[in-house]
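Sequence below, structure please.
(2 chains)
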Amino acid sequence: GEDVEQSLFLSVREGDSSVINCTYTDSSSTYLYWYKQEPGAGLQLLTYIFSNMDMKQDQRLTVLLNKKDKHLSLRIADTQTGDSAIYFCAGSNFGNEKLTFGTGTRLTIIP
Amino acid sequence: KAGVTQTPRYLIKTRGQQVTLSCSPISGHRSVSWYQQTPGQGLQFLFEYFSETQRNKGNFPGRFSGRQFSNSRSEMNVSTLELGDSALYLCASSPGLAGTDTQYFGPGTRLTVL
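Below you'll find the model as predicted:
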């Protein structure tokens, strides 16, 4: 099955950019997602990218996909205190409905 | 449009009991998936229902079961509860088959087994 790995913690100063990284093992992953989870809450979909894309930008969020290295990243520009949360990357395959999640990266904002 | 709703939000049960959790998907969504989130195992897929049929199942024992109704609402049942079943149970809905459509998550039901 697919393994998805993320570093557990990231601390960033307010106003700087945050880059959260994710590596995955299954090269057939068709869709790759970033979800945000705030304390006591469910998962909020932030953005997603199809495997035939290299980059996707959505306001302060930029997703980069390196299929050769099986590496996915999420860049948050001008990080704010409200961005403090756990960020999960997840992948799924066309025709296989389950999402496989990474371990999550806890983003802490330093004032 | 209202989001995915889950009831109840919190539950406390004792070992050996059974529990039923409910999920109402976003209006028009036909696929409902369930996930278990624990500190030790992270987020793990339980099962997915589409048009009242279970289409995919994760690696969980038979004590975990589910169903989906004609209005796409779904229930998940856990029988003979164990301490290790304490977790946040998340439900997600998508318009079609979850592998082809983005999944939107509810706030979860936090189950504590004593």
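
For the rest of this, base every contact and every neighbour count on C-alpha atoms.
Noted.

Run through chain A and note the low-pLDDT ranges.
A:1-2, A:27, A:94-97 (pLDDT under 70).

where exactly do the strands run in it?
Assigned strands in chain A, in chain order: A:4-6, A:9-13, A:18-24, A:31-37, A:43-50, A:55-58, A:61-66, A:71-76, A:85-93, A:96-101, A:105-110 (criterion: DSSP state E).

Could I get those strands in JSON lines, plus columns for mean neighbour count?
JSON lines is the format used below for the strands of chain A (neighbours: other C-alpha atoms under 10 Å in any protein chain shown):
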{"stretch": "strand A:4-6", "mean neighbour count": "21"}
{"stretch": "strand A:9-13", "mean neighbour count": "14"}
{"stretch": "strand A:18-24", "mean neighbour count": "21"}
{"stretch": "strand A:31-37", "mean neighbour count": "22"}
{"stretch": "strand A:43-50", "mean neighbour count": "18"}
{"stretch": "strand A:55-58", "mean neighbour count": "14"}
{"stretch": "strand A:61-66", "mean neighbour count": "18"}
{"stretch": "strand A:71-76", "mean neighbour count": "20"}
{"stretch": "strand A:85-93", "mean neighbour count": "24"}
{"stretch": "strand A:96-101", "mean neighbour count": "23"}
{"stretch": "strand A:105-110", "mean neighbour count": "20"}
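
And those strands: which comes nearest B:Leu11?
Using C-alpha to C-alpha as the measure, strand A:43-50 is the one of the strands of chain A that comes nearest B:Leu11, at 19.4 Å.
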